[in-house]
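# what's the 3D shape of this:
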Amino acid sequence: MKRAFILIILLTFNSFLFAQDFALKLKLQSNEKTKSNLINNHEKMNSINQRYKSSGLEACYPNAKTPELLLYYNFRGNGKKNEAIQELNNLGTFEPEIVDEERVYPNSSCENPLPPVNDTWIIQHWANNYALELIEANCAWDISKGSSNIFIGIADSDFEITHDDLKNQITSIGGPISAHNSHGTWVAGVASAETNNNTGVAGIGYNSKIAAYRIYHESDGSAFAPNIRSSIWSLYQAGRPIINVSWTSTGLDALAAQEITQNGTVLVLAAGNIPNATNHSTIANIPGVINVSSVDMNNQHGPTGHAHNQWVDICAPGVNVTTTFTNNTYGGGWGTSIAAPLVSGTIALMLEVNPCLTPSEIEQLIKQSTDPIADAASFNGLLGAGRLNAYKAVKAAGTRTYTNTILSGTQNLFAGFGFNLTGVSIGSSSNINLNARKEVIINTFEVPLGSTFSINMISNVQTNCQ
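Residues are numbered from 1 along each chain as shown. Modelled structure (predicted):
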């Protein structure tokens, strides 16, 4: 997986800076003109299709009963959009007002998403920021921006600790220096590049910090399993609550993986960059081990060519995701190596709202809060629970639900997001205080005379383990 990731990234970095996927809406001119122009420009249209990797014109409204609607067509391509518009206009076949179709995402399920971050590459539109948008990062950050006390452990090749977006995020680094490799720098930026700092890009972990540990590797980028195992074990021994491994193997025996997860550390693994990859199959079903495959910017798995099998737990964006590159630069990262740290950074946000969660509970909440994958029907049972939604995962982590129960005595209850109370009664002579960040939902609630009940909204309150 890791070698495939490196090969693809080298081939695609230049196109990331200059080419883009785009969709246009065109309207044919009157039928008389159009018929003549289509015949005369047939070869030119074929040339445009090839140059912009397009499958050709698609009817916007096939079989429409309104004649004018039959004149509207879509043109999807990849390349320099403005040049494509000019070439299409030069055909003289279409009306001159060609519409640039915007990329559309589902409405955010949070009511008050944060305004866009100020990271330069994002506000200047140099970055492909679809990954953070697709997983609703802004909405997740409305609940939690992470904590500098939560460390995402990353076992990887090497890390550029002087990078502008990583120098304040990588707070510890261990392991031997070996052949230079940039894989760890890419992974670290996705997990938690410094966010809202007027520089570069944003990382899903926001304020979460990175504990980096180098894996001794060969000049071709490969490493022996004992070296990977040693790095993972060092992070576990240091008490890191999350360990990201974007390699084809961990080198861990199942018993070792069980010890790690049963003692409070989540293992987040990259499922592989080829369809039949079986990475981590010997430990993937251990609770608290999360095996991650990918989707593309259209929320589809098929075009990625990445792993799909019974060991995949979840998918996350893994195609052309903007991240930190060596030499203090940025580019598009590809592969499940990139999808995995999106999950790792989300877990860091979850732990900030609810530090009581176990690795098994974290895995369960992430799976329960996924969004559907557009082409999941083509991979029945092979893509795990669905595609990561960071907002829903963080919200679920910080929500406490009480149903048909009695709260009695004196209790101070805390929730990193909110409470959901249905059929709840307060016991006699009781004093119940709810403390939440965002919301308290109450249905069929009863407080008897002589008891007290209060609600306090506190911006940084965390779920307590009571």
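# what about the strands in the stretch 251-400 of the chain?
Using DSSP state E, counting those that start in this stretch, the strands of the stretch 251-400 of the chain run over residues 266-270, 289-295, 314-317, 321-325, 329-333, 399-403.
# turn the ones you listed into TSV, columns for mean pLDDT.
Listed next are the strands of the stretch 251-400 of the chain as TSV, based on pLDDT from 0 to 100:
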stretch	mean pLDDT
strand 266-270	97
strand 289-295	98
strand 314-317	98
strand 321-325	95
strand 329-333	94
strand 399-403	94
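# pull out the buried residues from stretch 116-124.
For stretch 116-124, a neighbour-count test (16 or more other C-beta atoms under 10 Å) marks 117, 119, 120, 121, 122 as buried. C-beta: built from backbone N, CA, C; applies to glycine.
# narrow the residues you listed to those in helices?
Secondary structure from DSSP state H places 120, 121, 122 of those in helices.
# tell me who's in contact with the first one.
Contacts here follow C-beta atoms under 8 Å, 6 or more residues apart in numbering; on that basis residue 120 touches 126, 198, 199, 200.
# max pairwise distance over these: which two?
126 and 198 (13.9 Å; C-beta to C-beta).
# which of those two has more neighbours?
residue 126 (15 against 10; other C-beta atoms under 10 Å).
# mind checking the SS state of that one?
coil (DSSP: H, G, I helix; E, B strand; the rest coil).
# low-confidence ranges in the stretch 151-300 of the chain?
Scanning the stretch 151-300 of the chain for pLDDT under 70 picks out 179.
# same thing but 80
Applying pLDDT under 80 to the stretch 151-300 of the chain picks out residues 178-181, 217-221, 223, 225.
# where exactly do the helices run in it?
In the stretch 151-300 of the chain, the helices defined using DSSP state H, counting those that start in this stretch lie at 183-192, 225-237, 254-262.
# pick the most buried one from those helices.
helix 183-192 (a mean of 30; mean count of other C-beta atoms under 10 Å).
# how far out from the middle of the chain is that helix?
13 Å (C-alpha atoms, centre = their mean, to the nearest Å).
# middle-most residue in the protein, spatially?
Central residue of the chain (C-alpha atoms, centre = their mean): residue 342, 4.3 Å from the mean position.
# which non-adjacent residue is nearest it?
residue 316 (4.3 Å; C-beta to C-beta, 6 or more residues apart in numbering).
# do you know how far that neighbour is from residue 77?
Residue 316 sits 26 Å away from residue 77, going by C-beta to C-beta, to the nearest Å.
# who has more neighbours out of those two?
Shown here are residue 316 and residue 77; by other C-beta under 10 Å, residue 316 has more neighbours (31 against 21).
# quick one: contacts for that one?
Residue 316 touches 131, 135, 292, 294, 295, 339, 340, 342, 343, 387, 388, counting by C-beta under 8 Å, 6+ apart.
# run through the residues that contact the third one.
Spelled out, it's residue 292. 268-271, 312-316, 336, 339-340, 342-343.
# bridging residues for the residue nearest to residue 342?
Taking DSSP bridges as the rule, residue 316 bridges to residue 294.
# close enough to count as contact, residue 187 and residue 244?
Yes. Taking contacts as C-beta atoms under 8 Å, residue 187 lies within contact range of residue 244: 6.5 Å.
# now for these two: what residues contact both?
Both residue 187 and residue 244 are in contact with 154, 156, 340, 341, where contact means C-beta under 8 Å, 6+ apart.
# about what we covered before: adding distance to residue 421, write the contacts of residue 120 out as JSON lines.
Formatted as JSON lines, the contacts of residue 120 follow (distance: C-beta to C-beta, whole Å):
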{"residue": "126", "distance to residue 421": "46"}
{"residue": "198", "distance to residue 421": "42"}
{"residue": "199", "distance to residue 421": "43"}
{"residue": "200", "distance to residue 421": "43"}
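# and the nearest residue to residue 117 once chain neighbours are set aside, what does it touch?
Sequence neighbours aside, residue 196 is the residue nearest to residue 117 in space, at 4.5 Å (criterion: C-beta to C-beta, 6+ apart). Contact partners of residue 196, counting by C-beta under 8 Å, 6+ apart, are 117, 118, 119, 202, 206.
# among those, which two are most distant?
The widest separation within these (C-beta to C-beta) is 12.9 Å, between 118 and 206.
# which stretches of the stretch 351-466 of the chain form helices?
359-368, 390-397.
# what comes into contact with the last one?
Okay, so that is helix 390-397. Under C-beta under 8 Å, 6+ apart, the answer for helix 390-397 is 108-110, 135-137, 139-140, 142-144, 204, 342, 345-346, 349-351, 353-354, 357, 362, 365-366, 368-371, 416-417, 463.
# buried among those? Need that as a selection in PyMOL.
Here is the PyMOL command that picks out the buried ones among the contacts of helix 390-397, judged by 16+ other C-beta under 10 Å:
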select buried, resi 110+135+136+137+139+140+142+143+144+204+342+345+346+349+350+351+353+354+357+362+365+366+369+370+371+416+417+463
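# which parts of the stretch 1-150 of the chain are helices?
2-18, 31-40, 42-51, 81-90, 120-123, 130-134, 137-143.
# what about the longest one, average pLDDT?
Averaged across helix 2-18, the pLDDT comes to 31.
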